[in-house]
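Colleague: need a structure here:
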Amino acid sequence: MSARAADFRDRYGPWALVCGASDGIGEAFARELAAAGLHVALLARRRDRLEALAAELTAQHGVDARVVVADLTADTLVADVTSQVGPREIGSLVYVSGSPTEHVDFLDAEPDTWTRQIRLNCDGPMQLAHAFGRGMRERRRGGLLFLTSLANQAGGGRHALYCGTKAFDQLFAESLWHELSPHGVDVLSLLVGPTHTPTTDEVLGLDFGRLFPDPSFVARADEVAREGLDHLHEGPVWIPNAALRQAFPHLSPEQRAAAVEAATASNARLDGITDYVPVWDPERGRKRVR
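Modeller: Got it, this is the predicted structure:
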């Protein structure tokens, strides 16, 4: 684990809700957050995996760990989660969805397949950000981190819904970054490339060595989680891989922040807002301090 800022727990705690915590990148986030001293609410569908992880994190780091069994695609998602979280103060939300990348032409699958993917990648982040983001805004601290994919940078045949929903995740997070920055809440869209996880390696059997001859383009789950938390306070985007950051220079935090600022300033003019204060300071290359 990398060294966290001294105020990390105060800024993003006392509890972090990690969605998709049963394995892979979600589990890695849970481990990083617990090591930083945050209590963790572990959300997924597999109770046995969550209970084992919760016991391990409590034993290793002395934090509380709450198991939250829920389906991120359920109509009752918010009620299911909030009833299990109870009165615990959620200071950060990490949304990692193990979205299936259905390699099939759009018209060759039934709409239910695509509706489920939209619920997982779009509706779930929206619902939970709304449910817990208001409290963060009122407290003037907190963090929202949404995992998305570099596959969102171009449409791809046999990949239509996946690309589209992951594009939603990025733009949704960027917009919230601007809206919530003045209220002390940090938001990050974490743009992930190829990453070793149990799903990619064991379930899908992906041969990253064949797909990406340069091994520097492939990350480990713990590296993704570590970099995501290290850059949560900056936003609006981060690619947790140095080689991929060089390959996608237009996705630098500075370029995306400037684009979001320009779009928001235009909206303010359209809405007749005369006292608009920018969030992004281009001269200093960072968010303005309020």
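
Colleague: what about the strands in this structure?
Modeller: 15-19, 39-44, 65-69, 90-95, 142-149, 185-192, 195-196, 219-220, 237-238, 280-281, 286-287 (DSSP state E).

Colleague: so where's the chain shaky on pLDDT?
Modeller: By pLDDT under 70, the weakly predicted segments of the chain are 1-3, 98-102, 198-205, 290.

Colleague: could you check the angle strand 90-95 makes with the longest helix anywhere in the chain?
Modeller: Among the segments of the chain that qualify as a helix by DSSP state H, the longest is helix 160-180. Relative orientation of helix 160-180 and strand 90-95, computed by axes from the mean of the first three to the mean of the last three C-alpha atoms, to 10 degrees: 150 degrees.

Colleague: ok, which stretches of this structure are helices?
Modeller: With DSSP H, the ranges of helices along the chain come out as 8-12, 24-35, 47-61, 77-85, 111-118, 124-139, 160-180, 198, 208-211, 221-230, 242-247, 253-270.

Colleague: For the first one, buried residues please.
Modeller: Along helix 8-12, the positions that meet the burial threshold by neighbour count (16 or more other C-beta atoms under 10 Å) are 8, 9, 11, 12. Backbone N, C-alpha and C define where each C-beta goes, glycine included.

Colleague: who's in contact with the second one?
Modeller: Same thing as residue 9. Residue 9 makes contacts with 36, 37, 38, as judged by C-beta atoms under 8 Å, 6 or more residues apart in numbering.

Colleague: how many neighbours does the second one have?
Modeller: Residues within reach of residue 37, counting by other C-beta atoms under 10 Å, total 15.

Colleague: Which residue, other than its chain neighbours, is closest to residue 146?
Modeller: Counting by C-beta to C-beta, 6 or more residues apart in numbering, residue 146 lies nearest to residue 173, which is 4.5 Å off, once chain neighbours are set aside.
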